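Novice: The following comprises the amino acid sequence and a computationally predicted model.
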Amino acid sequence: MMDTFKTLLSKLAYWVNEAFPNAKSLAPKPLHRFVLLRIVGMNDQYEHMLRENPERLFLQNDALPWVSASYKQILFVGTAVYTYHYEKLFADDPNRYTTIDRNPSAKVWGSKHHIVAPIEEVDRHRPPGFFDCVVLSGVVGHSVPEHNEYGPIESDDLRTILKALHRVLRPGGLLLVGWNLNDMAQSLFQRGLLEPYFAPTDRTPWGARKEFPEDPHVFEFYERR
């Protein structure tokens, strides 16, 4: 009965979104989130991932808490229903945490200072050296063009992203990159794309690279030159 009720509410929410596309922008973000999470149940399908996915557990329980304690200004790339709670790690000062996503509808899951733009345009929204750390997880392995067609990001596009991140990171700042090896078998370093912007660094609790047994995800850590 409850599942049927949630399904009806979900369909109603999508109908309202299509019929009145500007309506959700009028609702306060906490209320908007409450409806999507508690009434529509958008996060239900991700509960298993958040509890058991080793890559996701590492990001939320180890990497991000360490980043929050070690760096002042952090940029998190890509927002979704399963990332909104990361902002709690920066509750001491929400101004330290910025999110960015090219999809306007993802703004509801973003931080206080969310940016609606492609990551390669971040340097249009923040001055040089503004950030101390950038978290780029699940972004470099594939692209999502306008028609939601998945495919590998070309090397030239990856260089454009790295160049933009280089501008907004301070010298010595950290770039944390996570991806699925099934999407991109070689790292940015192995593909020779870091020069002249970044270099691998082992100045983290996990060294320069974090892998997971029997899981295709991996994280690497780079320092801004």
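Specialist: That came in fine, so what should we check first? Numbering: from 1, shown residues only.

Novice: Now residue 204: closest residue in space, sequence neighbours ignored.
Specialist: residue 221 (5.0 Å; Cβ to Cβ, 6 or more residues apart in numbering). From N, CA and C alone the C-beta is placed, and that goes for glycine too.

Novice: Would you verify that the one you found is located in a strand?
Specialist: Yes. Judged by DSSP: H, G, I helix; E, B strand; the rest coil, residue 221 forms part of a strand.

Novice: Pull up the per-residue confidence for it.
Specialist: You'll see residue 221 listed with a pLDDT of 98.

Novice: beta partners for it?
Specialist: When assigned by DSSP bridges, residue 221 has beta-bridge partners residue 176.

Novice: In this model residue 205 seems to touch it, though I could be wrong.
Specialist: No. Residue 221 lies out of contact with residue 205 (Cβ atoms under 8 Å); the separation is 10.0 Å.

Novice: pretty sure residue 181 contacts residue 217?
Specialist: Yes. With contact defined as Cβ under 8 Å, residue 181 counts as touching residue 217 (7.2 Å).

Novice: Neighbour count for the two, which is higher?
Specialist: Higher neighbour count among residue 181 and residue 217: residue 217, with 22 against 14, using other Cβ atoms under 10 Å.

Novice: The more buried one: which element?
Specialist: strand 215-224 (DSSP states H and E).

Novice: For that strand, enumerate the helices and strands it packs against.
Specialist: helix 54-58, strand 169-180, strand 198-200, strand 209-212 (3 or more Cβ pairs under 8 Å, 6 or more residues apart in numbering; DSSP states H and E).

Novice: Now stretch 141-160: average pLDDT?
Specialist: The average pLDDT within stretch 141-160 is 71.

Novice: For residue 179, which non-adjacent residue is spatially closest?
Specialist: residue 141 (4.0 Å).
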